[in-house]
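Colleague: Model the structure of this input:
(chains A and B, ligands or ions: 2)
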Protein chains: 2
Amino acid sequence: MLAEMPGYGPKSAQRAAFHLLSGEHARLKTLIAALTEADRRLHRCPHCNTFCESDVCDVCADEGRDRTMLCVVESVADQLALDASLAWPGLYFVLAGRLAPIDDVGPEEIGLPRFIERVAEGVAKDGLREVVVATSYTPEGDATAYYLIDALKKRWPDLRVTRLARGLPSGLEIEYTDLSTIAGAVYSRREA
Amino acid sequence: MLAEMPGYGPKSAQRAAFHLLSGEHARLKTLIAALTEADRRLHRCPHCNTFCESDVCDVCADEGRDRTMLCVVESVADQLALDASLAWPGLYFVLAGRLAPIDDVGPEEIGLPRFIERVAEGVAKDGLREVVVATSYTPEGDATAYYLIDALKKRWPDLRVTRLARGLPSGLEIEYTDLSTIAGAVYSRREA
Ligand SMILES: [Zn+2]
Ligand SMILES: [Zn+2]
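Modeller: Ligands and ions are numbered 1, 2, ... in the order given. Below is the predicted model of the structure:
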């Protein structure tokens, strides 16, 4: 079980297990209690699928959010990072990961049907006009993006569908940047 | 001298000097000969300021390049990286570094007057219509970009002036990306 946690492999999971089991018994009990409490209190927001304690998550409940803009992400962690950047004024939808055909993770598994329902609701009720597909520029992130973009364009040809820019990250010199990132930065260049 | 080479500090320069001096004498002689030869053969292209062996560099001489598009970079290394990405169909201009007021490196020192001349030539002779300011998203790269953009817009209000996109680099998960990069990727997002 521990080996399936993010950032853990078999070795580090074993180390963590030994750490938990060999420490004071109180440490293990505290962890068990915290996990039990989280499991009892946290559930999925019915609108965006993120974790929350209340009926509807804080973002979906926020009247100041632009309901005509929806950002679809792979995970709660990605949603939190995007929201912390303060750059996105709209709402979110959190998928259950990304496509990984090799591991039998297809559109159903990542929650595509629920996402399509959510977009349909947005179009009908909130005048939804833009969906940003915010997946990373990795092979699986790309594959997931293409699938989502295709699913959206087929159903709503007039909806604006965008992707996060591929470009130069802050603080990195061009000379040390990989060619695929540079190419993306050229293609996505913007008015100065 | 060695300590001023890119990537070298006083310590590594000393190590390099000992390496050169303590090896076979042939190694040092070969290096001296190579540098002398490079110094004799390489000069600056009169159009773009890059290093070249012929009168005009290969890029400036290439008839297939789009002469209405000019990309201004901080160094020959940046130009080579950009050109290797195969994403830029136009020409280049290589500045002599970037603004660093703290070290008394101002517009004159980085070659701004020559750059402005080059743009004026392009506008007059080639119908130049876009200049991409391709500096990195570092404090000095930003300062240099703002200065160049301002200088261009003041002189040619109708010229399209762009910057490379700030965005997600290839291969990096959103969750591990710094907030300023994420914000740039949202603002520069593009039609899918
Ligand atoms: Zn929600
Ligand atoms: Zn040239």
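Colleague: for A:Leu80, what are its contacts?
Modeller: By C-beta atoms under 8 Å, 6 or more residues apart in numbering or on different chains, the contact list for A:Leu80 reads B:Glu175. Quick note: C-beta positions are derived from backbone N, CA and C, even for glycine.
Colleague: buried ones in the strand or helix carrying it?
Modeller: Using DSSP states H and E, A:Leu80 sits within helix A:76-84. By neighbour count on 16 or more other C-beta atoms under 10 Å in any protein chain shown, the buried set for helix A:76-84 is A:76, A:78-83.
Colleague: So A:Asn49 versus chain B, what's the distance?
Modeller: A:Asn49 sits 16 Å away from chain B when distances are taken as C-beta to the nearest C-beta, to the nearest Å.
Colleague: surely that residue meets A:Phe93?
Modeller: Yes. At 6.3 Å, A:Asn49 and A:Phe93 qualify as touching, with contact defined as C-beta atoms under 8 Å.
Colleague: Can you tell me which of the buried residues of helix A:76-84 lies closest to chain B?
Modeller: Nearest to chain B among those: A:Asp78, at 4.4 Å, using C-beta to the nearest C-beta.
Colleague: Would you mind measuring the gap between the ends of stretch A:53-70?
Modeller: Its start and end residues considered, stretch A:53-70 measures 22 Å (C-alpha to C-alpha, to the nearest Å).
Colleague: Would you mind measuring from the residue of chain A most remote from its centre to ligand 2?
Modeller: Using C-alpha atoms, centre = their mean, the residue of chain A lying farthest from its centre is A:Glu24. It sits 36.2 Å away. Plainly put, A:Glu24 is 69 Å away from ligand 2 if you go by C-beta to the ion, to the nearest Å.
Colleague: Can you check the pLDDT for that residue?
Modeller: Per-residue confidence (pLDDT) for A:Glu24: 71.
Colleague: Spell out the secondary structure type for A:Thr162.
Modeller: When classified by DSSP: H, G, I helix; E, B strand; the rest coil, A:Thr162 comes out as strand.
Colleague: Show the contacting residues for it.
Modeller: A:130-133, B:189-192.
Colleague: Mind doing that once more with 10 Å?
Modeller: A:69, A:71, A:130-134, A:149, B:186, B:189-192 (C-beta atoms under 10 Å, 6 or more residues apart in numbering or on different chains).
Colleague: Contacts (any at all) between chain B and the helix or strand A:Lys154 falls within?
Modeller: Element membership of A:Lys154 [criterion: DSSP H and E] is helix A:139-155. Yes. Helix A:139-155 comes into contact with chain B (C-beta under 10 Å from any C-beta of the partner chain), by way of A:139, A:141-142, A:145-146, A:148-150, A:152-153.
Colleague: so which residue of chain A comes closest to chain B?
Modeller: For chain A, C-beta to the nearest C-beta, closest residue to chain B: A:Gly167, 2.8 Å.
Colleague: what's the burial count for that residue?
Modeller: 29 (other C-beta atoms under 10 Å in any protein chain shown).
Colleague: what mean pLDDT does stretch A:171-187 have?
Modeller: 94.
Colleague: in it, what's buried?
Modeller: Result for stretch A:171-187 [16+ other C-beta under 10 Å]: buried residues A:172-175, A:177, A:181-187.
Colleague: mind listing which of these are in helices?
Modeller: When DSSP state H defines the helices, the subset of the buried residues of stretch A:171-187 inside them is A:181-187.
Colleague: and which of the residues you listed is nearest B:Ala3?
Modeller: A:Ile182 (29.8 Å; C-beta to C-beta).
Colleague: what sits against that closest one?
Modeller: A:Ile182 touches A:166-168, A:174-175, B:78, B:81-88, B:134, B:164, B:169-170, counting by C-beta under 10 Å, 6+ apart.
Colleague: The same query, at a cut-off of 7 Å, please.
Modeller: A:174, B:81-82, B:85, B:87 (C-beta atoms under 7 Å, 6 or more residues apart in numbering or on different chains).
Colleague: from these, which is closest to ligand 1?
Modeller: Ranked by distance to ligand 1 (C-beta to the ion), the contacts of A:Ile182 are led by B:Ala87 at 37.9 Å.
Colleague: Am I right that that closest one sits in a strand?
Modeller: No. Using three-state DSSP, the secondary structure at B:Ala87 is coil, not a strand.
Colleague: need the residues of chain A near ligand 1, please.
Modeller: With C-beta under 5 Å from the ion as the criterion, chain A meets ligand 1 at residues A:45, A:47-48, A:57, A:60.
Colleague: do that again at 6 Å, thanks
Modeller: Counting by C-beta under 6 Å from the ion, the residues of chain A close to ligand 1 are A:45, A:47-48, A:50, A:56-57, A:59-60.
Colleague: longest single strand anywhere in chain A?
Modeller: strand A:66-73 (DSSP state E).
Colleague: buried set for the helix holding A:Lys154?
Modeller: Across helix A:139-155, burial judged by 16+ other C-beta under 10 Å covers A:140-142, A:144-145, A:147-149, A:151-152.
Colleague: Any chance of TSV for those, columns distance to B:Gly106 and pLDDT?
Modeller: Shown next, in TSV, are those (distance: C-beta to C-beta, whole Å; pLDDT from 0 to 100):
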residue	distance to B:Gly106	pLDDT
A:Glu140	47	94
A:Gly141	43	96
A:Asp142	43	95
A:Thr144	48	97
A:Ala145	44	97
A:Tyr147	51	96
A:Leu148	48	97
A:Ile149	46	97
A:Ala151	53	97
A:Leu152	50	98
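Colleague: And chain A, split by domain according to the record?
Modeller: A:2-41, A:44-163 (automatic domain parsing).
Colleague: Of these, which is nearest B:Lys11?
Modeller: Closest of the domains of chain A to B:Lys11 is domain A:2-41, at 34.7 Å (criterion: C-beta to C-beta).
Colleague: ok, so what distance separates the nearest residue to A:Cys57 once chain neighbours are set aside from A:Val94?
Modeller: The shortest distance from A:Cys57 to any non-neighbouring residue, by C-beta to C-beta, 6 or more residues apart in numbering or on different chains, is to A:Cys45 (3.8 Å). Here A:Cys45 is placed at a distance of 8 Å from A:Val94 (C-beta to C-beta, to the nearest Å).
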